[in-house]
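In: Sequence first, predicted coordinates after that:
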Amino acid sequence: MIPAARRRLVVLYAVVAALLVALGGRLWYLQVMTVGSYASAATQDQVRTVIVPPVRGQILDDVGQPLVNNHTALVVSVNRALVSQQADGGIGELHRLARLLGMKYTLLQEKIRLCTAGVSQPCWQGSPYQPIPVSEQVPAAVALQIMENQADFPGVSAQAQPVTHYVQPFATQAAQILGYLQPITPQEVAQRHLPVTGFSGVDLVGQAGLEQQYDQQLRGVPGTQTLTVNAAGTVTAIRHQSSPTAGDTLVTSLNSQLQADTYNALTQAIQRAQAEGNPGATNGAAVVMTTTGRILAMASVPTYNPSIWNGGISTREFKNLFGTAHGEPILNRATQGEYGPGSTFKVTSASAAIADGMSAAGPYACPGSVTIAGHPFNNWTTRNLGPMSLHTALVWSCDTVFYQIAYQMYLHDKYRANFEINSHAPVQKMQKMELRFGFGRNPGIDLPEQSPGTVPTRQWLYNYWKQYKHYWCKHGNANGSYVQQIAYDDCRTGYQWTPGQAAIAAIGQGYITVTPLQLARAYAAIANGGTLYSPRVGAALISPAGKVDQRIRPPVVGHLRLPHWWLSYLTNALQGVVTGGTAAGAFAGFPLNKVPIAAKTGTAEIFGGQATSVFASFAPANDPKYVVVVMVPKSGEGADVSAPCARQIWDSIYGLEHHKAAFPGGAAPRKLPGFSANGAITAPPGYQGAR
């Protein structure tokens, strides 16, 4: 062997020897030095925690009627760990179970598969050691067959478990208020700051409405079972277990009878509008609340049955709920729908005029048309109605009076600021009053879904122009169609607050949008002397032991800061709207001597479409307790569609014509239902209505 080859061979031997020494050292370290930590890890791997879901709290109406409750049902569950240990992997057992349940085998397989990336619903989001519910409310005969034939179903159980139940027909009539339940996702665990160990795929959490708003109180505290599992995945022992704590019961201020009557009246109003030649009238909303901010009924059409979420929802059903083809039933139009208020907004314009020093007595001219900055603005009638006070202008809803008031304020309200490109331009006096009434911001109701509407301040207009300027400039054409010409003008001067915009905003048109709930609480503020409340649906939270954990009261969030004489003046004028003004026809024959109603009709014009019918009211006018607001888009005038609907609702409250009174004597329950130690619920003391 040549010397060079010998040297290379020696080096190779040395490298191999070094590798062997290193490998031996690593083996010694793993087997000797870290044996304790690996033994501990092995022990940890043999322990599994299973969540025991608590009984979710009920949701009740104002007299204790259940709206959402929990009843015991027979639930069939599959234990994946036990089923998979069978010789055929459980295929035979699952086939037998599918036939017994009348379920397709493929669907059963999907329900017990684990949710991972790329796996769509239905699937299981919880622990693989958790029994997976595959069928709820099974017949007793089926459950008995499973329990008596455990040799055929060794990995299947049939047990009585609490199941959330949406009480019909109320659940459908108030679906958007109640919300729905779905298994929690990892994202929601982080967003809601929920303990990871407190939830598994079996735990349902509120995803909308009251179910989401009060989820923490309703869901209770889960129990746990700590299981010992061997290397094969078989449960060998229960090391520890804690019982779950039931959730609180939510008592609401909703009245089941009034909710049903409100929903039915709204549905009928929409159907009448369609029958009278308005096919676009497919949706609407109505709100009934106290003048102190408690929601008594809230209807949104179209609606849906929230039970559709139980056990998972199909792609088609999901599209029907959220798609525009079916009117987006998931949308709560009472709190989220943004519509032009029309003439119901004139109460803010009249108030702004008084705050600016104008006279209530006038006189104000009411011609058939006025010219402002070179453009004609028409009244609803071509006749000249002559000089009048603000009282008469409200009763007869004279548009030209408010056009002129708005223009006068426009000329003397920091005039130069209307034409400046300024992101911090001062708010106009008229819009300050609108903001004071609670418009342009979320009302703060105890529901997660709500919209702020739009109050076009100078700053808002600047931001709107900045957002859409590129689009307007791209598609505008000075010599094109009407829409293209508007886009062309908006491209150049869209940030400017013009006399025409000020004029139409004063009658609730143009950029102005409000939700039915915002309009209701604004009229409640007029009725109660100027206090603006943040509305509440919840009234109290009751512990499982029947004790009051928390009373829920509508908080005060603002004041109109208007003279009491002016609020009385407004009330008197609004009463005149019903007795001899634009709503007189809709309330002909109504016993106004028993329940005097103050109200305002509204007809919000839509470019290229039918108007939104609006009606805002409160009563009794001499001692206001309740507010009723109805809005039906694309249906026609306020006096023709929404006013008759509101009349039906007022009849339901007091029982004056065709309805049984929801509140006998006109008084809504002031006390909570009674809760006994055995779980029985009784009507509030002194309550005389139906239950």
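Out: That came in fine, so what should we check first?
In: Just the pLDDT at Gln46, thanks.
Out: At Gln46, the pLDDT value in this model is 68.
In: mind starting the numbering at 7 from now?
Out: Done: numbering now begins at 7, and the last item shifts to Gln52.
In: Surely Trp471 touches Asp496?
Out: Yes: the criterion here is Cβ atoms under 8 Å, and Trp471 meets it with Asp496 at 7.1 Å. The C-beta positions use only the backbone N, C-alpha and C, and glycine is treated the same way.
In: Who are the contact partners of Pro382?
Out: Residues counted as contacts of Pro382 (Cβ atoms under 8 Å, 6 or more residues apart in numbering) are Ser375, Val376.
In: Please identify which helix or strand holds it.
Out: strand 381-384 (DSSP states H and E).
In: Where is the longest strand in this protein?
Out: strand 72-84 (DSSP state E).
In: Pull the residues that contact stretch 529-537.
Out: 295-299, 350, 353, 443-444, 538-539, 562, 564-568, 570, 573, 576-577, 580, 604, 622-624, 630, 633, 635.
In: Mark which of the residues you listed are part of helices, please.
Out: Val353, His570, Leu573, Leu576, Thr577, Leu580 (DSSP state H).
In: any chance of these in CSV, with neighbour count too?
Out: What follows is those, written out as CSV (neighbours: other Cβ atoms under 10 Å):
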residue, neighbour count
Val353, 25
His570, 9
Leu573, 19
Leu576, 24
Thr577, 18
Leu580, 27
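In: Give me the pLDDT value at the closest residue in space to Phe328 that isn't next to it in sequence.
Out: Once flanking residues are discounted, Phe328 sits nearest to Ile336: 5.5 Å by Cβ to Cβ, 6 or more residues apart in numbering. Per-residue pLDDT puts Ile336 at 92.
In: Ile336 in helix, strand or coil?
Out: coil (DSSP: H, G, I helix; E, B strand; the rest coil).
In: That one against Tyr186, yeah?
Out: No: judged on Cβ under 8 Å, Ile336 makes no contact with Tyr186 at a distance of 9.2 Å.
In: can you map out the strands along the stretch 357-506 of the chain?
Out: 375-378, 381-384 (DSSP state E, counting those that start in this stretch).
In: Equivalent analysis for the stretch 557-697 of the chain, please.
Out: 562-565, 604-612, 615-625, 632-638, 680-681, 687-688.
In: Check which residues of the fourth one are buried.
Out: Meaning strand 632-638. Tyr632, Val633, Val634, Val635, Val636, Met637, Val638 (16 or more other Cβ atoms under 10 Å).
In: now the last one, nearest residue through space, not along the chain?
Out: By that I understand Val638. Gly290 (3.8 Å).
In: what bridges to that neighbour?
Out: Val307 (DSSP bridges).
In: how about the nearest residue to Gln490 once chain neighbours are set aside, what does it touch?
Out: Nearest residue to Gln490 in three dimensions, chain neighbours excluded: Asn483, at 4.0 Å (Cβ to Cβ, 6+ apart). Residues near Asn483 by Cβ under 8 Å, 6+ apart: Gln490, Gln491, Ala493, Tyr494.
In: out of these, which one sits closest to Val144?
Out: Ala493 (60.9 Å; Cβ to Cβ).
In: Distance check, the nearest residue to that closest one once chain neighbours are set aside against His476.
Out: Closest residue to Ala493 apart from its sequence neighbours, by Cβ to Cβ, 6+ apart: Gly482 at 3.7 Å. Gly482 is 11 Å from His476, where distance means Cβ to Cβ, to the nearest Å.
In: So in this protein, where's the weakest helix or strand by average pLDDT?
Out: None of the helices or strands of the chain scores lower by mean pLDDT, DSSP states H and E than helix 41-51, at a mean of 57.
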